[in-house]
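Visitor: Got a predicted structure here, sequence first:
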Amino acid sequence: MARWLWSLGALLVAVGLAAHVFGWANLLWIPEAAIAAIREAPETYGLVALGALLMLVARLIGRRRG
């Protein structure tokens, strides 16, 4: 849990510094472009999301079994 919190904190610091250097408007075009791409081809990105979810579940199961 501590490692996860540390990673989340490091990510937030990196995002904050990037926002300071590049500005929020420049950082937010990435999620806007992703949402636009998903709206154009929802089936494709649905498959990608399902694959990523299955990979995450497999990793969690693998960690529990040690």
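Guide: Nice, I can see it.
Visitor: Need the contact partners of stretch 20-38.
Guide: V15, A18, A19, Y45 (CB atoms under 8 Å, 6 or more residues apart in numbering). Quick note: C-beta positions are derived from backbone N, CA and C, even for glycine.
Visitor: Buried residues, that stretch. List them.
Guide: By neighbour count with 16 or more other CB atoms under 10 Å, stretch 20-38 contains no buried residues.
Visitor: What does G23 show for phi and psi?
Guide: phi 90, psi 150 (degrees, to the nearest 10).
Visitor: What distance do you get for it to W29?
Guide: 10 Å (CB to CB, to the nearest Å).
Visitor: go on, V48?
Guide: 20 Å.
Visitor: Equivalent analysis for S7, please.
Guide: Distance of S7 to W29, computed by CB to CB: 25 Å.
Visitor: among the contacts of stretch 20-38, which two are most distant?
Guide: A19 and Y45 (25.7 Å; CB to CB).
Visitor: before we move on, what SS does V57 have?
Guide: At V57 the chain is in helix, as set by DSSP: H, G, I helix; E, B strand; the rest coil.
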